[in-house]
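Visitor: build me a structure from this.
(2 chains)
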Protein chains: 2
Amino acid sequence: MNRIIECVPNFSEGRDRLKIEKIADCFREKTGVKLLDYSGDVDHNRSVITVVGELEAMKNAVIEAIGKAVELIDLTKQSGEHPRMGAVDVVPFIPIKNVTMKEAIALSKEVAMEVYERFKLPVFLYEASATAKHRENLADVRRGEFEGLTEKMKLPEWRADYGPIFPHPTAGAVAIGARKPLIAYNINLSTNNIEIAKAIAKKVRHSSGGLRYCKAIGIELKERDVAQVSLNLIDYSKTSLYSVHEMVRIEAKRYGISIIGSEVIGLIPMAALAESAAYYLGIENFSINQVLEAKLLE
Amino acid sequence: MNRIIECVPNFSEGRDRLKIEKIADCFREKTGVKLLDYSGDVDHNRSVITVVGELEAMKNAVIEAIGKAVELIDLTKQSGEHPRMGAVDVVPFIPIKNVTMKEAIALSKEVAMEVYERFKLPVFLYEASATAKHRENLADVRRGEFEGLTEKMKLPEWRADYGPIFPHPTAGAVAIGARKPLIAYNINLSTNNIEIAKAIAKKVRHSSGGLRYCKAIGIELKERDVAQVSLNLIDYSKTSLYSVHEMVRIEAKRYGISIIGSEVIGLIPMAALAESAAYYLGIENFSINQVLEAKLLE
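Guide: Prediction:
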């Protein structure tokens, strides 16, 4: 593949293995599309699929997967730790190789239009594809979640970009857009107190005074009986992975607790890990071009 | 390139830019060979070239570069912080993709034979190519350095594998062999006391009680007026980069000093950096398959 776009659709089903497989199947054995990774989280009740491919092939596979999720997932019966407004909650397109952001935006709009026409699913364009400043941020678009969507979409500023002024009865609405690579990074705390996780998230995230390219929420992992700061790094080249980790550690200190572990959801770009390794190992003047695999990929 | 072997020859010239370029030129614009990286170090008075390529093309380019170094570098007039026994000090071949260790060993012997025949340079086979247990370790082969080579080579157990029982008058001898990927990692200390660097190196390296796959020496960086622990990790999958860093940090503590920085010489495999990042960030169950570029390289 000479031109590569990545897509990381999030589906509001993290428990029913069969349904997750059926959605993932839409990306299997397709020419020009490669399923890289998928994982479902029971507490979040959400699954994340990572796929790369050529533009046209990607478009068709993503539309098929969205249709499958609308068919299989009923939000009136779904609950989980992770906020969501749709059966397919969010569909980001990320330029990887020889694809411009402009082309990624164009692709997101083509998918948006067809998704509405074929499945009657209202679409909000977000991030780089957003049609207004207040619709860029996914958290703002999603605020009120599935349960509040009917009221929210009556407001003129929250009409869908494609579709009617009411949500799909079982699948809600979907956010589709183009954006830079994102890192989903969750940090587990040595407490099950969700209020502490929420307080730390508030300190660390951009919207309430924290790091510029960091989003964060506090949630509870019932299965493990721990509280978690669930983070998104929306531009890791500017807000580093290690900065976020150290900020959470410092905040946790005031509650006398510590970090007991963390996890990366989906895939992570090599540069983000390399930069964090270089920070902790004190490597001076480190360049990504010192990584053997970066050279081999050239 | 479907089959890839890496070669990382070390030359005993880190100051004369022109000579370094002439040696590097042997790997430029050759079909089947790609020069990935090269750098000279003034204090070490040594340069390291990293090149990948197909087996036959690699063989020819490496022989040419060795010839060029024998022509340009005169060890009777060379001195530097790094121990050395030859103008071309060491030439390791490392299997990267679809190449076995056995093939790398065979290649190292072909190069060794031709290097002796064409340049009258004695060759010691080392590491996986060594002809006896006591000749595996480069530090043992090199002990006594260029200045002690004439006497050393008179001993039956230190006869060269290819060549006469005396060294080349200006180029000494060369160690050639096959080995696993190695990481060259130097740690700078907040002192210029070389005795402390030597004491730390002794504690950390395998040969005197330290980590199994770690070699280390203490040297002085005159230009920066700091002492340095210069390390080689000969199997980073077993002795981790972060383990070595933490061991040096812990040892430095007893002298009331700290690590002020570090450097990676040449290239480093992605897996080594990813593992260290995962350690410091506390990432649970991290797999190299979560790195986007690892997936793209498949």
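
Visitor: ok, residue A:204 - how many residues close by?
Guide: 25 (other CB atoms under 10 Å in any protein chain shown). Any C-beta I mention is one placed from the backbone N, CA and C, and that applies to glycine too.

Visitor: model confidence score at it, please.
Guide: pLDDT, residue A:204: 97.

Visitor: can you check residue A:1 too?
Guide: pLDDT, residue A:1: 72.

Visitor: now residue A:295
Guide: Predicted confidence (pLDDT) for residue A:295: 83.

Visitor: that one - that's part of a helix, no?
Guide: Yes - counting by DSSP: H, G, I helix; E, B strand; the rest coil, residue A:295 is found in a helix.

Visitor: can I get the CA coordinates of the worst-scoring helix or strand of chain A on mean pLDDT in CSV?
Guide: Among the helices and strands of chain A, helix A:292-297 carries the lowest confidence by mean pLDDT, DSSP states H and E, at a mean of 84. Extracted in CSV, the C-alpha atoms of helix A:292-297 (Å, rounded to 0.1, in the frame of the first residue of the first chain):
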residue,chain,number,x,y,z
LEU,A,292,16.2,0.4,13.2
GLU,A,293,12.6,-0.2,12.2
ALA,A,294,12.1,3.5,11.3
LYS,A,295,15.0,3.2,8.9
LEU,A,296,13.6,-0.1,7.4
LEU,A,297,10.2,1.5,6.8
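
Visitor: show me what that helix is packed against.
Guide: strand B:33-41, helix B:270-281, helix B:292-297 (3 or more CB pairs under 8 Å, 6 or more residues apart in numbering or on different chains; DSSP states H and E).

Visitor: in it, what counts as buried?
Guide: Within helix A:292-297, the residues scored as buried using 16 or more other CB atoms under 10 Å in any protein chain shown are A:292-296.

Visitor: contact partners for the residue in the stretch 51-200 of chain A that chain B sits nearest to?
Guide: For the stretch 51-200 of chain A, the nearest residue to chain B under the criterion CB to the nearest CB is residue A:52, separated by 7.2 Å. Neighbouring residues of residue A:52 by CB atoms under 8 Å, 6 or more residues apart in numbering or on different chains: A:1, A:4-7, A:33-34, A:36, A:58, A:96, B:295-296.

Visitor: distance to residue A:240 added to these, as JSON lines?
Guide: Shown next, in JSON lines, are these (distance: CB to CB, whole Å):
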{"residue": "A:1", "distance to residue A:240": "29"}
{"residue": "A:4", "distance to residue A:240": "25"}
{"residue": "A:5", "distance to residue A:240": "25"}
{"residue": "A:6", "distance to residue A:240": "21"}
{"residue": "A:7", "distance to residue A:240": "25"}
{"residue": "A:33", "distance to residue A:240": "31"}
{"residue": "A:34", "distance to residue A:240": "28"}
{"residue": "A:36", "distance to residue A:240": "23"}
{"residue": "A:58", "distance to residue A:240": "29"}
{"residue": "A:96", "distance to residue A:240": "20"}
{"residue": "B:295", "distance to residue A:240": "22"}
{"residue": "B:296", "distance to residue A:240": "22"}
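
Visitor: among the residues you listed, find the lowest-pLDDT one for me.
Guide: Within the contacts of residue A:52, lowest confidence goes to residue A:1 (72).

Visitor: not counting residues beside it along the chain, what's closest to the closest residue to chain B within the stretch 101-250 of chain A?
Guide: Proximity to chain B, evaluated over the stretch 101-250 of chain A using CB to the nearest CB, is greatest for residue A:245 at 5.2 Å. Spatial nearest neighbour of residue A:245, chain neighbours left out: residue B:281 (5.2 Å); criterion: CB to CB, 6 or more residues apart in numbering or on different chains.

Visitor: the residue of the stretch 101-250 of chain A closest to chain B sits in which helix or strand?
Guide: helix A:241-253 (DSSP states H and E).

Visitor: got it, and residue A:19?
Guide: helix A:17-25.

Visitor: which parts of the host helix or strand of residue A:114 are buried?
Guide: For residue A:114, the element it lies in under DSSP H and E is helix A:101-119. Buried residues in helix A:101-119, counted by 16+ other CB under 10 Å: A:101, A:103-105, A:107-109, A:111-112, A:114-116, A:119.

Visitor: same list, these, but as TSV with pLDDT and distance to residue B:86 please.
Guide: Listed next are the buried residues of helix A:101-119 as TSV, based on pLDDT from 0 to 100; distance: CB to CB, whole Å:
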residue	pLDDT	distance to residue B:86
A:101	95	52
A:103	97	54
A:104	98	53
A:105	98	58
A:107	98	57
A:108	98	59
A:109	98	63
A:111	98	61
A:112	98	65
A:114	97	67
A:115	97	66
A:116	97	71
A:119	97	70
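
Visitor: let me see the contact set for residue A:237.
Guide: residue A:271.

Visitor: I'd assumed it was in a strand, is it?
Guide: No - counting by three-state DSSP, residue A:237 is located in no strand; its state is coil.

Visitor: which residues does the residue of the stretch 1-150 of chain A found nearest chain B contact?
Guide: The stretch 1-150 of chain A approaches chain B most closely through residue A:36 (4.6 Å), counting by CB to the nearest CB. Counting by CB under 8 Å, 6+ apart, residue A:36 touches A:50-52, A:267, B:292, B:295.

Visitor: can you do 7 Å?
Guide: Residue A:36 makes contacts with A:50-52, A:267, B:295, as judged by CB atoms under 7 Å, 6 or more residues apart in numbering or on different chains.

Visitor: can you tell me which of those are in helices?
Guide: residue B:295 (DSSP state H).

Visitor: what residue spans form the domains of chain A?
Guide: Chain A breaks down into these domains under automatic domain parsing: A:4-178, A:183-297.

Visitor: and the ones you listed as TSV, adding distance to residue B:146?
Guide: Shown next, in TSV, are the domains of chain A (distance: least, CB to CB, whole Å):
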stretch	distance to residue B:146
domain A:4-178	48
domain A:183-297	30
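
Visitor: was I right to think residue A:235 contacts residue A:213?
Guide: Yes - between residue A:235 and residue A:213 a contact is recorded at 4.0 Å, counting by CB atoms under 7 Å.

Visitor: look at residue A:156 and say how many residues are nearby.
Guide: So residue A:156, with other CB under 10 Å, has 6 neighbours.

Visitor: same check on the one 10 residues further on?
Guide: By the other CB under 10 Å criterion, the neighbourhood of residue A:166 contains 13 residues.

Visitor: related to what we said a few turns ago, compare residue A:235 and residue A:213 (neighbour count), which wins?
Guide: residue A:213 (20 against 15).
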